[in-house]
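# Here is my input; please provide its structure:
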Amino acid sequence: MITINASDFWQPIGLSARISLIASVIVLVFSVLLAWKMARARFIGKSIVETIILLPLVLPPSVIGFVLLVGLGRRSTLGKWYESLFGQPIVFTWEAAVIAAAVVAFPLAYRTMRAGFEGVDTELEASARALGASEWQVFRYISVPLAARSLTAGYILGFCRGLGEFGATLMIAGNIPGRTQTIPTAIYVATDGGSMKMAWAWAGAMIALSFLMLMVANRFTKE
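Numbering: from 1, shown residues only. Alright, predicted model coming up:
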């Protein structure tokens with residue numbers, strides 16, 4: 001019979017869910033706006049900009065974590081500014097885990113949302129502008145509703161990606177039980193320590209949650 005401590009089991013799950021939820025909301029705001037602009041914009045160097053946006057998709061998470069650690073560490077300008085403002089460094093906090101999750105989730109959500117905006121008939125947007133609608137009104141009442149399925153799918157995929165983030169989180173937030181220990185880092189530590197029952201329990205929870213979220217995302221991407 002498998003015996004698992006309930007508090008030890010649920011703590012990383014609850015923290016991972018909170019981190020992923022906050023990160024995915026941040027990603028949603030920025031990726032929707034950027035995806036809409038990039039889907040409509042035509043300028044020299046657009047391919048370079050999009051390559052930079054999508055770069056975290058192919059970079060090893062440890063590289064992303066290293067860049068974040070250098071950029072947000074106590075010796076960096078941003079790190080010093082954050083510490084002077086909040087009285088503590090941002091590295092090795094749950095807020096750092098949110099940043100890591102948001103960075104790795106952003107390109108996946110952006111790519112899905114951009115495809116949605118590219119599928120919107122631009123003639124409808126042009127007609128609305130001709131009738132006096134502002135760019136914000138076109139975006140809010142035409143572009144977003146017509147691309148809503150892809151936007152929702154992008155949000156869900158971003159949430160799942162953030163939930164499963166390991167390397168970048170470990171680099172910038174560490175693995176502090178109760179503070180920064182997420183499901184992936186908990187699985188790693190449990191496996192390394194020989195606690196296979198806990199590792200299987202967390203892995204099963206992650207697989208089940210990811211499966212359900214992907215099923216929902218697939219429904220939104222179906223025509």
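
# Run the chain-centre distance for stretch 170-188.
In terms of Cα atoms, centre = their mean, to the nearest Å, the gap separating the centre of stretch 170-188 from the centre of its chain is 17 Å.

# can you give me the helices in this structure?
Taking DSSP state H as the test, the helices found in the chain are 6-40, 46-54, 61-72, 77-86, 94-118, 122-130, 135-138, 144-146, 148-163, 167-172, 183-192, 196-221.

# Can you lay out the ones you listed as a markdown table showing mean pLDDT?
Compiled in a markdown table, the helices of the chain are given as follows (pLDDT from 0 to 100):
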| stretch | mean pLDDT |
| --- | --- |
| helix 6-40 | 89 |
| helix 46-54 | 90 |
| helix 61-72 | 92 |
| helix 77-86 | 88 |
| helix 94-118 | 93 |
| helix 122-130 | 89 |
| helix 135-138 | 89 |
| helix 144-146 | 91 |
| helix 148-163 | 89 |
| helix 167-172 | 90 |
| helix 183-192 | 91 |
| helix 196-221 | 85 |
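
# can I get the ones you listed in JSON lines with mean neighbour count?
All C-beta spots, glycine's among them, are computed from the backbone N, C-alpha and C. Written out in JSON lines, the entries for the helices of the chain read as follows (neighbours: other Cβ atoms under 10 Å):
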{"stretch": "helix 6-40", "mean neighbour count": "18"}
{"stretch": "helix 46-54", "mean neighbour count": "12"}
{"stretch": "helix 61-72", "mean neighbour count": "18"}
{"stretch": "helix 77-86", "mean neighbour count": "12"}
{"stretch": "helix 94-118", "mean neighbour count": "24"}
{"stretch": "helix 122-130", "mean neighbour count": "13"}
{"stretch": "helix 135-138", "mean neighbour count": "14"}
{"stretch": "helix 144-146", "mean neighbour count": "15"}
{"stretch": "helix 148-163", "mean neighbour count": "23"}
{"stretch": "helix 167-172", "mean neighbour count": "24"}
{"stretch": "helix 183-192", "mean neighbour count": "20"}
{"stretch": "helix 196-221", "mean neighbour count": "15"}
